[in-house]
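Enquirer: Got a sequence here, can you model it:
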Amino acid sequence: MGSHARPNRIHRTGVRVAMVALVGAALPISAAGLAEAATPGTAHSVDEKGQQSPEATTPAGHEAGHQQQDVQRQPLQATQHAVADQNGHNDQKAENGNKAHDRADGQARDKANDKAGKTAAAQDPKDQAAPQIKADHAFLLDARDGSQERPMWGGAKADESVPMASTTKIMTAVVVLKHPEWLNRQIEVKQEYRDYVQKAGASTADLQTGDKLTVKQMLHAMLIPSGSDAARALADNFGSGATEEARIADFVRQMNDEAQALGMKGTHFDTYDGISHGNNHSTARDLAKLGQRAMLQPTFAEVVKNKQFKTEAPAANGHTRYYTWNNTNELLSSYDGILGIKTGSGPEDGYCLVFAAKRDNRTLVGAILRDDEGRFDDATKMLDWGFAH
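Expert: Here you go, the predicted structure:
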């Protein structure tokens, strides 16, 4: 069995991890082979800054609770006989030094205790009128039994339309899942799909030309490592038209029709994957609503909960291709009750996240747009606050 990995890509819609292995034949490694691997056959992606991505699969938990440690007093020792007889000056200096050290010690403890108290108060969501987060473009709703939603809280800019990066792919999945009878239909990977992600610098599931994956596998490839190659394949096969461009344009039209039907008044799509042509935007309120509706689809809910997904597909040469995709959603490894959904990021979009969690028969769905790398911490605080109210 031979194995190889495809190149890392710096992309605008999110950082993704993908690995493929070919069983039965050794495929030639391209000139743009993977730059690095943590373990044999495992690829890593980097962000648009060329650094290890914050969306890599390293689990991220809640912010560590830092314990304040008392300053340890080190009593000054008076020097012995030779200097002690000089009118007691050195002893007095030592005593003064101890007193000064004690004062510094007490002040340090007071500051530490004060900080710890403020931190404890800030972390108690029951005492908060609103989640204490940095993001203004944020919204949280209570999905109740799934058939309706109750708005819980919105940030100052919850209704401002801004770019949404790869969270776009949630709607791509919703449109595809309007045809559940096609989930087992096979789609052949075209070279054009690979060319697109390379040209656009998009995130990829590293689908190999000629491989045949089912629609359901394509949904995994799109939603877990955020593969724009899979998103393009789905748009090409679920749109109508004589050419690929025409079919994709028709698919995007379907996305906008669905947004209108859902009452997403601040949303417009011009792409299937989040790489915008200048008019792809939404609001935190709209995306929370979209996330809630998407989670009503059993297939969608099944896909987005996976931290990692392994599958196989017929390769072009008749052998079997093995794929492993790692989820970019760090909450899957850090938050109790998390159900998943979708990440996104880009130079103009910032860091985006649509998320859902369930505790005590309550399901909360939220969205964050234009955040920084602390989006997972912000989402955690939003969920904690929501479950406390």
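Enquirer: Where does the prediction get shaky in the stretch 151-300 of the chain?
Expert: Low-confidence segments of the stretch 151-300 of the chain (pLDDT under 70): none present.
Enquirer: Do you have the helices of it handy? List them.
Expert: Using DSSP state H, counting those that start in this stretch, the helices of the stretch 151-300 of the chain run over 168-176, 191-200, 215-223, 228-238, 244-261, 284-294, 298-304.
Enquirer: Can you lay out those as a markdown table showing distance to Asp377?
Expert: C-beta coordinates here come from the backbone N, C-alpha and C atoms, glycine included. Rendered in a markdown table, the data for the helices of the stretch 151-300 of the chain read as follows (distance: least, Cβ to Cβ, whole Å):
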| stretch | distance to Asp377 |
| --- | --- |
| helix 168-176 | 22 |
| helix 191-200 | 30 |
| helix 215-223 | 23 |
| helix 228-238 | 27 |
| helix 244-261 | 29 |
| helix 284-294 | 16 |
| helix 298-304 | 20 |
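Enquirer: Among those, which comes closest to Pro125?
Expert: Distance to Pro125, taken as Cβ to Cβ, is lowest for helix 284-294 among those, at 18.3 Å.
Enquirer: any weak-confidence spans in the stretch 1-150 of the chain?
Expert: In the stretch 1-150 of the chain, residues with pLDDT under 70: 1-123, 145-148.
Enquirer: same thing but 90
Expert: The model of the stretch 1-150 of the chain has pLDDT under 90 over residues 1-130, 144-150.
Enquirer: His264 - nearest residue in space that isn't next to it in sequence?
Expert: Heads up, residue 264 is Met, not His. If the residues on either side of it in the chain are set aside, Met264 comes closest to Asp286, at 4.1 Å by Cβ to Cβ, 6 or more residues apart in numbering.
Enquirer: What is the burial count for that neighbour?
Expert: Neighbour count for Asp286, taken as other Cβ atoms under 10 Å: 24.
Enquirer: can you check the one 3 residues further on too?
Expert: Taking other Cβ under 10 Å as the neighbour definition, Lys289 ends up with a count of 24.
Enquirer: Surely it touches Leu262?
Expert: Yes - counting by Cβ atoms under 8 Å, Leu262 is a contact partner of Lys289 at 6.4 Å.
Enquirer: still on that earlier bit, the residue nearest to Met264 touches His268, doesn't it?
Expert: No - using Cβ under 8 Å, Asp286 is not in contact with His268; the gap is 10.1 Å.
Enquirer: between the two, what contacts are shared?
Expert: Ala259 (Cβ atoms under 8 Å, 6 or more residues apart in numbering).
Enquirer: Can you tell me how far the nearest residue to Val174 once chain neighbours are set aside is from His277?
Expert: Once flanking residues are discounted, Val174 sits nearest to Ala294: 5.3 Å by Cβ to Cβ, 6+ apart. Distance from Ala294 to His277, counting by Cβ to Cβ, to the nearest Å: 24 Å.
Enquirer: more neighbours, these two?
Expert: Neighbour totals were compared for Ala294 and His277, and Ala294 leads with 24 against 8 (other Cβ under 10 Å).
Enquirer: Could I get the contacting residues of that one?
Expert: Applying Cβ under 8 Å, 6+ apart to Ala294 gives the contacts Ile170, Ala173, Val174, Phe300, Ile341.
Enquirer: need the strands for the protein, in chain order.
Expert: Along the chain, counting by DSSP state E, strands occupy 2-3, 17-23, 137-142, 150-154, 162-163, 186-188, 212-214, 281-282, 308-314, 320-326, 338-346, 350-359, 362-371.
Enquirer: Ok, which of the ones you listed comes nearest Leu234?
Expert: So among these, strand 186-188 is nearest, using Cβ to Cβ, at 7.5 Å.
Enquirer: Pull the residues that contact that closest one.
Expert: Counting by Cβ under 8 Å, 6+ apart, Gly210, Asp211, Lys212, Leu213, Thr214, Val215, Met218, Ala233, Leu234, Asn237 sit against strand 186-188.
Enquirer: Tell me the one among those nearest to Asp136.
Expert: Using Cβ to Cβ, these come closest to Asp136 at Leu234, 32.4 Å.
Enquirer: on that earlier part again, which one of the contacts of strand 186-188 sits closest to Gln254?
Expert: Nearest member of those to Gln254, counting by Cβ to Cβ, is Leu234, at 11.3 Å.
Enquirer: rewinding a little: kindly supply the PyMOL command isolating those of the contacts of strand 186-188 that are buried.
Expert: Of the contacts of strand 186-188, the buried ones go into a single PyMOL selection, burial set by 16 or more other Cβ atoms under 10 Å:
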select buried, resi 211+213+214+215+218+233+234+237
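Enquirer: Give me the nearest residue to Arg359, chain neighbours excluded.
Expert: Gly337 (4.4 Å).
Enquirer: now the one you found: how far from Glu330?
Expert: Relative to Glu330, and taking Cβ to Cβ, Gly337 is found at 15 Å.
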